[in-house]
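1. This is a predicted model, with the sequence first.
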Amino acid sequence: LESDVCAPSVEGGDDTAYVGWGGYDTIPELEEIDEVEDLFVGDGGVVRDWLERGASGWRLDAADRMGPEFLALIRDATKETSPDAIVIAEQWWDSTPWLLGDQADSTMNYRFRRAVIGLVNGATPDPDGSLPALGPVAFANAMDAVREDYPEPAYQALMNIVDSHDTARILWTLTPGQDNDTAKTAPEALAVGKARQRLVAAIQLTFPGMASIYYGDEVGLTGFDDPDDRRPYPWGAEDLELREWYRTLARLRASHEALREGDLQFLLAEDAAGTLAYLRRSPTAAAVVALNLSDRARLLDVPVAGRVPDGSVLVDALSGIGPATVSGGRLSVSLAPGSVAVLVSGPTADLLAPAAPTALEALAGPGSVELTWTPVADAARYRVLRSLVTGGGYQVVGDTTAVGFSDDSVSDGVPYHYVVVALDD
């Protein structure tokens with residue numbers, strides 16, 4: 001690394017050179033010594049001062065280049081000053097070591113970026129390394145892997161990005177053609193890129209975590225890798241249709257509980273058909289996101305049994321098409337080529353399950369066990385499950401509309417454990 005001229009630490013000293021990070025003379029490297037730690041995390045230090053001035057948190061560039069002890073000090077100073085302030089670590093791959101509760105709250109989710117581009121765009125040349133194509137099954141597996149890797153609080157706060165100041169812009173990436181302005185702004189190619197970007201935005205804004213939109217993406221700003229990705233906002237030349245698409249998705253996320261707080265479950269992933277569907281589900285709301293990534297119209301038969309009850313009516317909040325009614329545990333969704341629907345439940349939807357039965361009692365007799373429990377309001381029937389061990393391994397014994405059940409399939413002298421569940425469908 002090159003050394004750059006600076007003032008000596010003491011008057012008349014000869015230590016007039018510093019090492020610049022990556023050779024950049026604007027980014028001096030600092031050693032993690034007491035004086036530096038005090039500068040950043042001490043009383044009146046950088047971390048505390050800016051939070052007291054109103055900053056909402058810290059994004060730590062190249063967090064993997066910092067020592068874990070220093071990161072822990074930054075976290076402590078942040079939470080002591082502003083308990084709700086967030087600490088985001090920049091890390092391009094598996095960020096697990098930084099997300100265990102003692103360093104960062106979240107990470108820039110480059111894993112999401114790579115997966116969603118591979119899904120929508122196929123195999124993609126990229127300045128930071130070619131991105132492999134992912135079919136719907138591989139995409140679902142990749143996203144499930146992210147959830148398996150990270151603690152739930154970190155997973156729910158992931159900074160879901162599709163580009164940044166360190167990458168080519170998403171529109172550039174999705175637009176076919178060579179990496180030059182002429183090819184990337186040709187009208188036909190640009191139309192393809194923007195159609196793909198609409199799908200990417202729909203996934204980004206309906207996924208768990210924080211949808212992080214790089215300024216200008218929402219109005220069609222393009223650009224190659226750094227520094228071309230830092231072009232000024234295109235005042236007066238915005239793509240207003242694309243901006244309205246982002247606004248619609250953002251309003252939908254803000255107004256629908258399931259898209260902000262709901263659990264994620266993949267319902268359908270078919271590589272041959274190029275279709276994908278996933279559910280965002282909160283206790284009182286549901287949203288089914290269905291995508292057709294193929295070049296043909298598709299009719300998706302989406303299984304929702306046990307997740308969205310029969311009779312539930314969902315409406316596509318993007319197009320207003322619908323309503324679609326759940327029947328037989330399935331939802332039928334017709335999609336044009338390269339399109340997406342976000343089917344949401346209405347305010348009157350009854351998605352709350354009945355309360356759990358109480359006062360369950362079991363009376364053993366010769367060759368049978370008599371079960372009784374207290375009735376549950378709104379329960380249409382009850383399901384009885386049995387296991388040889390407590391805490392798992394339960395299998396369905398039968399359903400009943402009564403508040404009692406006779407299990408005649410037991411063997412004398414064998415201990416059994418029972419669970420009774422109230423159902424409203």
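-> Sure, I can see it.
2. before we move on, which element is the nearest residue to Trp245 once chain neighbours are set aside in?
-> The shortest distance from Trp245 to any non-neighbouring residue, by CB to CB, 6 or more residues apart in numbering, is to Arg198 (5.6 Å). For glycine as for every other residue, the C-beta is placed from the backbone atoms N, C-alpha and C. In the assignment (DSSP states H and E), Arg198 maps to helix 187-204.
3. mind listing what Ala286 touches?
-> Contacts of Ala286 were listed using CB atoms under 8 Å, 6 or more residues apart in numbering, and they are Ala258, Gly262, Leu279, Arg280, Arg307, Val308, Ser312, Leu314, Val344, Ser345, Ala349, Leu351.
4. Contacts made by whichever helix or strand comes after the helix holding Arg198 with the rest, please.
-> Downstream of helix 187-204, the first helix or strand assigned by DSSP H and E is strand 210-211. Strand 210-211 is contacted by residues Ser106, Ala157, Leu158, Met159, Asn160, Gln204, Leu205, Ala250, Arg253 when judged by CB under 8 Å, 6+ apart.
5. I'd guessed the residue nearest to Trp245 sits against Leu242; true?
-> Yes: between Arg198 and Leu242 there is a contact under CB atoms under 8 Å: 7.4 Å.
6. where exactly do the helices run in the stretch 51-200 of the chain?
-> Ranges of helices in the stretch 51-200 of the chain, per DSSP state H, counting those that start in this stretch, are 68-81, 110-121, 136-149, 152-156, 170-174, 181-184, 187-204.
7. want to try a markdown table for those, with mean pLDDT as columns?
-> Compiled in a markdown table, the helices of the stretch 51-200 of the chain are given as follows (pLDDT from 0 to 100):
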| stretch | mean pLDDT |
| --- | --- |
| helix 68-81 | 96 |
| helix 110-121 | 98 |
| helix 136-149 | 97 |
| helix 152-156 | 95 |
| helix 170-174 | 98 |
| helix 181-184 | 97 |
| helix 187-204 | 98 |
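8. just those helices: most buried one?
-> helix 170-174 (a mean of 27; mean count of other CB atoms under 10 Å).
9. Model confidence score at Trp245, please.
-> On pLDDT, Trp245 comes in at 98.
10. List the residues that contact Asp15.
-> Counting by CB under 8 Å, 6+ apart, Asp15 has contacts Pro8, Ser9.
11. and it, helix, strand or coil?
-> coil (DSSP: H, G, I helix; E, B strand; the rest coil).
12. ok, now Ala341?
-> Relying on three-state DSSP, one would call Ala341 strand.
13. Would you confirm that it contacts Val315?
-> No: contact criterion CB under 8 Å: Ala341 and Val315 do not qualify, at 9.6 Å.
14. For those two, indicate the residue with more neighbours.
-> Neighbour count, other CB atoms under 10 Å: between Ala341 and Val315, Ala341 has more, with 26 against 17.
15. and the gap between Tyr150 and Thr400?
-> 42 Å (CB to CB, to the nearest Å).
16. Compare the two and say which is more crowded by neighbours.
-> Shown here are Tyr150 and Thr400; by other CB under 10 Å, Tyr150 has more neighbours (22 against 15).
17. Tell me the confidence at the more buried one?
-> Reported pLDDT for Tyr150: 96.
18. so it makes contact with Leu100?
-> No: the pair Tyr150 / Leu100 is not scored as a contact, 9.4 Å apart, by CB under 8 Å.
19. need the strands for the stretch 151-300 of the chain, in chain order.
-> Under the criterion DSSP state E, counting those that start in this stretch, the stretch 151-300 of the chain contains strands at 159-160, 210-211, 263-270, 275-281, 286-292, 298-303.
20. for the first one, packing partners?
-> This means strand 159-160. Secondary-structure packing of strand 159-160 (3 or more CB pairs under 8 Å, 6 or more residues apart in numbering; DSSP states H and E): strand 106-109, strand 210-211.
21. As JSON lines, the ones you listed with mean neighbour count, distance to Gly193 and mean pLDDT would be great.
-> Shown next, in JSON lines, are those (neighbours: other CB atoms under 10 Å; distance: least, CB to CB, whole Å; pLDDT from 0 to 100):
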{"stretch": "strand 106-109", "mean neighbour count": "26", "distance to Gly193": "22", "mean pLDDT": "96"}
{"stretch": "strand 210-211", "mean neighbour count": "18", "distance to Gly193": "19", "mean pLDDT": "96"}
